[in-house]
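In: Requesting a structural model of the entry that follows:
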Amino acid sequence: MAEDIESKTKRVRDLLSSFYADEDEHAQSSPTLTRRDTLQAINTKDFDADRYMTSLVRRTNLDGLLQKDVEMAAEIKNLDSDMQMLVYENYNKFISATDTIRRMKENIGGMESNVERLLEKVTAVRTKSDGVNASLFERRERIEELNGTRGLLRKVQFVFDLPVRLRKCLKAEVYADAVNSYKGALPILKAYGNTSFQKCKQESDEMIEKVTRQLQSRAVLSTETVENRAEAVRLLQELNYPDFFTDFRQSASAFRGIFPTGEKKFTMAATKLFNDYLASIQKSLVPENGDPSAKGLITVLKILSTDVPQMDGVLPDADFSELALQAAEAALRQHVAKRFKGVCDKLLGIIIVANNSKFSESVEPCSDTEKPLESLLLNAEDIILQGSLDVLRDLKELVDDRVKDTTKWHSLYVELVQGGVQDLFVTLNTHFLDMFCSTGYENPKQDKFTEENKRKIAVSTGTILLLARFSMYVEKVAVPKITEEIARSFVGGGARGPEDRPAFIPTEICRLFRATGERLIEHYISMQSKRLSTLIKKSVTTPNWLKYKEPREVRMFVDLLLQEVGTMSREVKQLLDPGTVRTHGRSDSTGSAGSSRSNPLREERSGRTSVSQRARSRLLERDIAKLFKQKIEIFTKLEFTQTSVISTVIKLCLKSFQEYVRLETFSRSGFQQIQVDTQYLREALRDFVYDEAIVHFLLDEVCSSAAERCLDPTPFESAVLDKLIQAKKAKIAESSATQAF
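Out: Next up is the predicted model:
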């Protein structure tokens, strides 16, 4: 139905378009073309019917005229039908427009009545509001006056209760509330303290004096936390307590007036006091939680640049400027070291989490959304890049602020920053190397490496792979971007950093992490291949192959081997890129991989020959076939990709499989069991490697080695072998279905 309506609408549109477009199109045509088509253009104004008929009779025979008559009659009928349809459509449009206009009139009529009712209600509300305002107008001034009186009475009551409130705050050691309450009542006490509130003022002043003494004791008490001491100083400033240097100058003048010969002792006491002052400042820069901020360091440097000249004016021989410079340099070193140490500690924390058994040693398959190693890698990449950039931006604030007397430290500061970046990467690289130099790695605490804070922890394969992938990220992404930020924000400095250590050298850092990444990935492959080789060794050396019974199924060790390979594959796929898939071909003279395997092992030979003759014949055929086979590259260059790593591990374990087989002696049943196991592994390992021909080649070598060490190397028939393999597949499928339910 919808298609009929759509086709009908399209037809009407085309008719209207053709009707209104003909005249314009003919008007735009050239005069020559118009004259030439006059006889044929029946829809134009210049069409001459007589000439058209004369021309048609002269050029057309009788059959053609009859055919033309039929065509014109059909066309006329079509045109009549189209015209009727156009009239019908126009009529429908007029009817629809009339209905729409009628509905609009009906809707507008209803809206007018609603608007009138709304206007009446708004007018009523306005009238009542005006009445309420008029009735309350006379009392409004009185209400405002009473409200002001109520507020004043509250303030008066607050002033009367102030001594009691201050006493409670002093007893509870809530000094901030005491200071705020006293400051709130201070304007009234100053205005009426000598008349109505004289007693309240005296008691309040006595209590605030006690609060001031307590705050002074807290500010100088070394056992208090930095936050409490800083709060005490802030509250003293709010109470307009004289600052340190004003009090110091007054004390110095009084001391010199009383003891004119005690200048030396006074200088010693002042120096000790100034050292305590610098120690307090140094301690205030270390927050109990979180990372230190450059804003705090800038504030301290500004205080030193303002206060030290005043101290020098009182005691020019004490050399306070030199002490302040040493303290400022120590603060700079401490700040830079702690910021980069914070980044390093976060990364080491991620390494410890990654080494957790539930992340790295789980054999259960992870879903697509559960990728713990990948999540940890992303966190580590964010910390080393964004964390380092945030640290550099924080340290850049000191350069941008241009604190007085700090321009002379610019070169030292730049060297400290560059040296901090260098130390960060060198420390990480050293820690990564320590993790595979032995069977365990040493887990450092937050401070430097010492014998007291190290303990051995076993390293998981997932952690090694994570560090290898992270080293590649540092080389290719993190170091270049950090180098750009250093070049943009920290220009200057010497060729070597402080304490004669090398400045930040990006190329050297990249070289270190490239080498570390390669060693880590090689170590990962070594760990995985050793684990698989141990499993293979137990499966080969444990049975008594000379008394082995005829095989009935694939051995359990194959399932364990594939399970370990699957676990390794899940680890690798979380952290490494897929890589490119490559295949190796063979020459035409040798045929396919399957035929080369079946020739020496699967062909049934007829004739009455001895067992030794048949064995020697097959071995000879195998050796001759190997001469004509295209050489397959087994151990290729290692790459940071999934296919390269997994294939290398599988090739190493299959090579060890061959070597362990060569050390045993097999009966016919033992040889056939090796044949069944390797045949099942051909298809099972195909999905893990980039070139199945290598797997087939290595498994062929395993079978060939078993045949060489077999007393009767008679292989299974193809039908029997396939039946055993299919039975194993059916058993696995049934087990998977049961687990799914």
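
In: what ranges do the helices span in the stretch 51-200 of the chain?
Out: 62-160, 162-172, 175-192, 198-220 (DSSP state H, counting those that start in this stretch).

In: Let me know the pLDDT of A2.
Out: Listed pLDDT for A2 reads 57.

In: do A327 as well
Out: 76.

In: What is the burial count for it?
Out: As a burial measure, A327 scores 21 neighbours (other Cβ atoms under 10 Å). (Each C-beta comes from the backbone N, C-alpha and C, glycine too.)

In: From what I see, it and L278 are in contact.
Out: Yes. Between A327 and L278 there is a contact at 4.4 Å, judged by Cβ atoms under 8 Å.

In: coming back round to it: could you dump the helices of the stretch 51-200 of the chain into a markdown table and include mean pLDDT, mean neighbour count and distance to V300?
Out: Below are the helices of the stretch 51-200 of the chain laid out as a markdown table (pLDDT from 0 to 100; neighbours: other Cβ atoms under 10 Å; distance: least, Cβ to Cβ, whole Å):
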| stretch | mean pLDDT | mean neighbour count | distance to V300 |
| --- | --- | --- | --- |
| helix 62-160 | 84 | 10 | 39 |
| helix 162-172 | 84 | 16 | 31 |
| helix 175-192 | 80 | 17 | 23 |
| helix 198-220 | 81 | 16 | 17 |
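
In: need the ones you listed in a markdown table with distance to L297, can you?
Out: Shown next, in a markdown table, are those (distance: least, Cβ to Cβ, whole Å):
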| stretch | distance to L297 |
| --- | --- |
| helix 62-160 | 42 |
| helix 162-172 | 34 |
| helix 175-192 | 26 |
| helix 198-220 | 21 |
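
In: of the ones you listed, which approaches L562 most closely?
Out: helix 175-192 (68.3 Å; Cβ to Cβ).

In: between the closest one and helix 162-172, how many degrees?
Out: Computed by axes from the mean of the first three to the mean of the last three Cα atoms, to 10 degrees, the angle separating helix 175-192 from helix 162-172 equals 160 degrees.

In: Tell me which other helices or strands helix 175-192 touches.
Out: Where contact means 3 or more Cβ pairs under 8 Å, 6 or more residues apart in numbering; DSSP states H and E, helix 175-192 is packed against helix 62-160, helix 162-172, helix 198-220, helix 226-238.

In: To F697, which of those lies closest?
Out: helix 226-238 (70.0 Å).

In: how far is that closest one from where the chain is centred?
Out: 41 Å (Cα atoms, centre = their mean, to the nearest Å).

In: could the helices and strands packed on helix 175-192 be laid out in TSV, adding distance to E550?
Out: Output for these, formatted as TSV (distance: least, Cβ to Cβ, whole Å):
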stretch	distance to E550
helix 62-160	88
helix 162-172	90
helix 198-220	90
helix 226-238	81
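
In: out of those helices, nearest to Y680?
Out: Among those, the nearest to Y680 by Cβ to Cβ is helix 226-238 (68.6 Å).

In: how near is T427 to M207?
Out: Separation of T427 from M207 (Cβ to Cβ, to the nearest Å) stands at 55 Å.

In: domain ranges for this structure?
Out: What automatic domain parsing lists as the domains of the chain is 162-293, 331-504, 534-740.

In: which element is the residue nearest the centre of the chain on?
Out: Residue closest to the mean C-alpha point of the chain, counted by Cα atoms, centre = their mean, is L378 at 4.5 Å. Taking DSSP states H and E as the definition, one finds L378 inside helix 372-382.

In: For that helix, buried residues please.
Out: Buried residues in helix 372-382, defined by neighbour count with 16 or more other Cβ atoms under 10 Å: 372-373, 376-377, 379-381.

In: Provide the contact partners of the helix or strand following it at residue level.
Out: For helix 372-382, the following helix or strand on the C-terminal side (DSSP H and E) is helix 388-401. With Cβ atoms under 8 Å, 6 or more residues apart in numbering as the test, helix 388-401 has contacts from 293-295, 297-298, 301, 335-336, 339-340, 342-343, 406, 410, 413-414, 417, 421, 424, 478, 481-482, 485-486, 489-490.

In: Can you get me the centre-to-centre distance for helix 388-401 and its chain?
Out: Centre-to-centre, helix 388-401 and its host chain are 23 Å apart (Cα atoms, centre = their mean).

In: before we move on, what about stretch 206-225?
Out: Centre-to-centre, stretch 206-225 and its host chain are 49 Å apart (Cα atoms, centre = their mean).

In: Ok, which of the helices and strands packed on helix 175-192 comes nearest Q726?
Out: Closest among the helices and strands packed on helix 175-192, using Cβ to Cβ: helix 62-160, at 69.9 Å.

In: what helices or strands is the closest one leaning on?
Out: helix 2-28, helix 49-59, helix 175-192.

In: Go again with 10 Å.
Out: If you count contacts as 3 or more Cβ pairs under 10 Å, 6 or more residues apart in numbering; DSSP states H and E, helix 62-160 packs onto helix 2-28, helix 49-59, helix 175-192, helix 198-220.

In: And A515, how far from S471?
Out: Computed as Cβ to Cβ, the A515 to S471 distance reads 9 Å.

In: err, T678, not the other one
Out: Relative to S471, and taking Cβ to Cβ, T678 is found at 37 Å.

In: as a whole number, average confidence for the helix holding L378?
Out: 87.

In: Next: stretch 468-483.
Out: Computed over stretch 468-483, the average pLDDT equals 90.

In: Quote the end-to-end distance of it.
Out: End-to-end distance for stretch 468-483, by Cα to Cα, to the nearest Å: 21 Å.

In: before we move on, the earlier item: tell me the contacts of the residue nearest to the centre of the chain?
Out: Each residue near L378 by Cβ atoms under 10 Å, 6 or more residues apart in numbering is listed here: K371.

In: Double-check D307 against L323; I have them as touching.
Out: No. Taking Cβ atoms under 10 Å as the definition, D307 is not a contact partner of L323, at 11.9 Å.
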